[in-house]
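>>> Sequence isn't available, so here's the structure alone:
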């Protein structure tokens, strides 16, 4: 699991922010499994979960397409 956490960190560091759906597609991992790994990175202070992106309100968007995670740059804090 530590290898995947390192890969997640590298991906987020390069992208700055991405949705859970993009992470799931890139790593071929179910969104629910990724949430646990992302929670660990949040606890370590490496990333933060941002307020969900808003869509037009049709209620047909998959929740993981609206769930946004952002890399925390320690030099900007």
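Ah, there it is. No experiment lies behind these values; they were computed from the predicted model shown.
>>> Can you list the residue ranges for helices in the protein?
2-15, 20-27, 31-43, 63-66 (DSSP state H).
>>> weakest of those helices by average pLDDT?
Least confident of the helices of the chain, judged by mean pLDDT, is helix 63-66 with a mean of 68.
>>> about what we covered before: buried deepest among the helices of the chain, which one?
Highest mean neighbour count among the helices of the chain (mean count of other CB atoms under 10 Å): helix 20-27, with a mean of 17. In short, each C-beta sits where N, CA and C put it, glycine included.
>>> how many other residues sit next to residue 49?
15 (other CB atoms under 10 Å).
>>> Identify the bridge partners of it.
residue 69 (DSSP bridges).
>>> Quick check, residue 7 in contact with residue 27.
Yes. Judged on CB atoms under 8 Å, residue 7 makes contact with residue 27 at a distance of 7.1 Å.
>>> got a list of what the spatially most central residue of the chain touches?
A centroid search over the chain (CA atoms, centre = their mean) returns residue 69, at 3.7 Å, as the residue closest to the centre. Shown in contact with residue 69 (CB atoms under 8 Å, 6 or more residues apart in numbering): 12, 17, 18, 19, 20, 23, 38, 47, 48, 49, 50.
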